[in-house]
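> pasting a predicted model and its sequence here:
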Amino acid sequence: MPTARVEQRILVLAPLGRDAEVIAGVVGRKGIACDIVADFGALTEHIVAGAAAAIVTEEALLRADPARLLAWLRAQAPWSDFPFVVLLARRLAPVEVSVDGPLAALGNVVLLERPLSAETLGSAADSALRARLRQYQAREVLADREAVSGELAALNATLEARVAERTLALAQANDRLTAEIIERERAQQAMVQYQKMESLGRLTGGVAHDFNNLLNVIQGTLELILMMTPDEAIRARARTAKAACDRGARLTAQLLTFARNQTLDLTALRVDSLFEAVLGMARPLLGRAIELRVSVAPDVACVVADTSQMEMALLNLAINARDAMPDGGQITFRATREAPPPGLLPGGDYVRIAVVDNGSGMSPEVAAKVFEPFFTTKGVGKGTGLGLSQVYGMAHQSGGTAQVTSQPGQGTTIDIWLPAAAHDAAHDDTAALAGTDLTGAKVLLVEDDDFVRASMADALMTLGCDVAQATSGSEGLAAIEQARPDVLLTDYLMPGMTGAELARSARDRYPDLPVVVATGYADMSAIQAAVGDGMVLRKPFQLAELAAVVRRSLRRAANAG
């Protein structure tokens, strides 16, 4: 039987005669489902199974044992109050219901005295059914509330865990955001530092170029004086002035290295041989209080670098480390094959050469400035402030970079990152090409600076060369059109037409023309692309270097012919 049909039926217990059928007929005419039960035990079972109300005659109730039914009634759910309609026998006096009697024990009872009309009975049955249906509605409301209460209880049970998880997720997101902010600030600081270093590089490179021209004039003139005068007093003064020029040349070389405009002889340089050479030079300078250590990883062979520049850089770093350890300490030269930090260098194989000391260290503010030119923490006269800037420029020009890591009281580490090389490069024989006579060699000298041009012309003529002069690239090109020289010697940076452009135009007319480019500040890639196998003469140069490069150019041309 469907649940709705069971719960909305009315049970009828009337054991005498045809009372049950009559009552069921009256209730049925109201459209109410009605079931007749045979005795009080069956009535109890049907009520327990489910019903809306029960119509019971007085005589059936008085002859029954209501214990089981009363136990069920006492155990009803809070929403339930099962209704009974009791049909009493006709009495001459009013009915009094005892509080201890069976009628009172039933609870929700409607008493109807017989005989009664069908309308009265039907109305009583309909009222009992409506009351029971309201109880069912209350049951549904209570069930909904219990379900909501269960959900709330479950939610409360997991609320703490959810709050903890959410708090942890927010903390992690905050940590990530903080890390990203810090990383962004570091990147911005690195970009500002890079831009500052680039600006300083361009500035120092331009200054060094002009200074080189002045040094070239002075040095060339002093060498001519030394060659021509027999007066020893004059020669002594000239040698003193030339020594000062040599010191100035080293200074400009450091500036140009920082500006990454110095011409480097980049070859495959063995790291173990480099360390051995540096240790040989450093030990006498550092003293017995400094312990030197060397560590070269097994997978490290060679780096791409300029031998002399690297030796000078490492020696400079060793001396700086010594100055940071006045009471002695330990300096370690270490080489490892490892990947640079992300974003530091383009992809490729690199070797990290580290110079580590356990000295006094530096504050972050000082460490941020150590690669700037002329910055020094040493006293007046004890340092130029160009040593670390030279290391920085040399590393960048070699295809790598330089970094500093330091904390006060925890020592300093200078890292030089250089491209790795697989093996030693085969060096050309650079022995002096003595014996080539320059007498009568036709040299076309192109230089826009009047003093530099006059000094170089004097030097070449002293060597016996036949010198033609031009003040610009276009003027030099016109001179080549008129007569082919044996050697073209040109400056690089000139207004209108650079030395590279002049060399390219001259080679278009005379492909085998020897070209020498003299420069102290230049785009070396442009020179190499234009000159090809031509020579490069670094300013300021000595008279012997000028003679050697001209001799080498003439010999190459002769061998090619």
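That came in fine, so what should we check first? As the structure is a prediction and not an experimental result, all values here were calculated from the model.

> and stretch 493-505, what's buried?
Neighbour counts using 16 or more other CB atoms under 10 Å place Leu493, Met494, Met497, Thr498, Gly499, Ala500, Glu501, Leu502, Ala503, Arg504, Ser505 of stretch 493-505 among the buried residues. Using the backbone N, CA and C atoms, a C-beta is placed for each residue, glycine as well.

> what separation is there between the fifth one and Ala518?
Gly499 sits at a distance of 8 Å from Ala518 (criterion: CB to CB, to the nearest Å).

> next secondary structure after the lowest-mean-pLDDT helix or strand in the chain?
Here the helix or strand of the chain ranked lowest by mean pLDDT, DSSP states H and E is helix 524-531, holding a mean of 61. Under the assignment DSSP states H and E, the closest C-terminal helix or strand after helix 524-531 is strand 535-538.

> parallel or antiparallel, list what pairs with that following strand.
strand 515-519 (parallel) (DSSP bridges).

> need the residues that contact the strand it pairs with.
With CB atoms under 8 Å, 6 or more residues apart in numbering as the test, strand 515-519 has contacts from 263, 447, 456, 487-493, 499-500, 503, 506-507, 527, 531, 534-539, 541, 549-550, 553.

> so which of those sit within strands?
When these are checked against strands (DSSP state E), the matches are Val487, Leu488, Leu489, Thr490, Asp491, Met535, Val536, Leu537, Arg538.

> how far off strand 515-519 does the lengthiest helix in the chain point, in degrees?
Longest helix in the chain by number of residues (criterion: DSSP state H): helix 118-228. Angle of helix 118-228 versus strand 515-519, following axes from the mean of the first three to the mean of the last three CA atoms, to 10 degrees, is 110 degrees.

> poorly predicted segments of the protein, please.
1-2, 91-102, 190, 193-213, 216, 246-265, 373-387, 423-437, 521-534, 561 (pLDDT under 70).

> what subset of the contacts of strand 515-519 is buried?
263, 447, 456, 487-493, 499-500, 503, 506-507, 527, 531, 534-539, 541, 549-550, 553.

> please, which helix or strand holds Ala236?
Counting by DSSP H and E, Ala236 is part of helix 232-259.

> would you map the helices across the stretch 1-150 of the chain?
3-7, 19-28, 40-49, 58-62, 67-74, 102-105, 118-228 (DSSP state H, counting those that start in this stretch).

> and these: which comes nearest Asp272?
Minimum separation from Asp272 across the helices of the stretch 1-150 of the chain (CB to CB) falls at helix 118-228, 31.1 Å.

> which helices and strands sit right next to that closest one?
If you count contacts as 3 or more CB pairs under 8 Å, 6 or more residues apart in numbering; DSSP states H and E, helix 118-228 packs onto strand 10-13, helix 19-28, strand 53-57, strand 83-88, strand 108-113, helix 232-259, helix 450-462, helix 543-560.

> in JSON lines: these, plus distance to Thr401.
As requested, the helices and strands packed on helix 118-228 are exported to JSON lines (distance: least, CB to CB, whole Å):
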{"stretch": "strand 10-13", "distance to Thr401": "98"}
{"stretch": "helix 19-28", "distance to Thr401": "102"}
{"stretch": "strand 53-57", "distance to Thr401": "96"}
{"stretch": "strand 83-88", "distance to Thr401": "96"}
{"stretch": "strand 108-113", "distance to Thr401": "95"}
{"stretch": "helix 232-259", "distance to Thr401": "13"}
{"stretch": "helix 450-462", "distance to Thr401": "34"}
{"stretch": "helix 543-560", "distance to Thr401": "31"}
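
> closest one to Val271 among those?
That would be, of the helices and strands packed on helix 118-228 and by CB to CB, helix 232-259, which comes in at 20.0 Å.

> after that closest one, which helix or strand is next?
Next helix or strand after helix 232-259 toward the C-terminus (DSSP H and E): strand 267-270.

> could you list the paired strands of that following strand along with their orientation?
When DSSP bridges is applied, strand 267-270 pairs with strand 302-305 (antiparallel).

> any idea how far the strand it pairs with is from the middle of the chain?
With CA atoms, centre = their mean, to the nearest Å as the basis, strand 302-305 stands 28 Å off its chain's centre.

> residues in contact with that strand?
In contact with strand 302-305 (CB under 8 Å, 6+ apart) are residues 264, 266-271, 274, 310, 351, 353, 394, 398-399, 418-424.

> now which of those would you call buried?
264, 266-271, 274, 310, 351, 353, 394, 398-399, 418-421.

> overlap in contacts of Gly499 and Ala518?
Common contact partners of Gly499 and Ala518 (CB under 8 Å, 6+ apart): Thr490, Asp491, Tyr492.

> need those in TSV (columns: distance to Gly107).
TSV is the format used below for these (distance: CB to CB, whole Å):
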residue	distance to Gly107
Thr490	125
Asp491	123
Tyr492	118
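
> Leu215: which of those residues is nearest?
Ranked by distance to Leu215 (CB to CB), these are led by Asp491 at 14.5 Å.

> and the gap between the closest one and Leu315?
Noted for Asp491: a distance of 32 Å to Leu315, by CB to CB.

> residues contacting Met228?
Shown in contact with Met228 (CB under 8 Å, 6+ apart): Thr462.

> swap in the one 4 residues further on?
Going by CB under 8 Å, 6+ apart, Glu232 touches no other residue.

> if we can go back for a sec, what angle separates the longest helix of the chain from helix 19-28?
Using the same axes, to 10 degrees: helix 118-228 against helix 19-28 is 50 degrees.

> now helix 118-228 against helix 543-560, angle please.
Helix 118-228 and helix 543-560 meet at an angle of 100 degrees, taking the same axes, to 10 degrees as the criterion.

> distance from the chain centre to helix 118-228, please.
Its chain's C-alpha centre and that of helix 118-228 lie 16 Å apart, by CA atoms, centre = their mean.

> now do the nearest residue to Asp357 once chain neighbours are set aside: how many residues are near it, please.
Nearest in space to Asp357, with sequence neighbours left out and distances taken as CB to CB, 6 or more residues apart in numbering, is Ala321 at 3.7 Å. Neighbour count of Ala321, defined by other CB atoms under 10 Å: 26.

> host element of Ala321?
Going by DSSP H and E, Ala321 is in helix 307-323.

> in its sheet, which strands sit next to the helix or strand that that helix is followed by, and in what direction?
Counting by DSSP H and E, the next helix or strand C-terminal to helix 307-323 is strand 329-337. Strand pairing for strand 329-337, determined by DSSP bridges: strand 290-296 (parallel), strand 350-357 (antiparallel).

> CA-only coordinates of strand 329-337 in CSV, if you can.
Only the C-alpha atoms of strand 329-337 are listed here, as CSV (Å, rounded to 0.1, in the frame of the first residue of the first chain):
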residue,chain,number,x,y,z
GLY,A,329,93.9,35.4,6.1
GLN,A,330,93.2,33.1,3.2
ILE,A,331,92.6,33.8,-0.5
THR,A,332,91.2,31.1,-2.7
PHE,A,333,91.2,31.0,-6.5
ARG,A,334,88.3,28.7,-7.5
ALA,A,335,87.1,27.6,-11.0
THR,A,336,83.9,25.6,-11.5
ARG,A,337,81.8,24.7,-14.5
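
> quick check: beta-bridge partners of Leu445?
On the basis of DSSP bridges, Leu445 is bridged to Gln469, Leu489.

> quick check, nearest of the shared contacts of Gly499 and Ala518 to Val192?
Nearest to Val192 among the shared contacts of Gly499 and Ala518, with distances taken as CB to CB, is Tyr492, at 31.6 Å.
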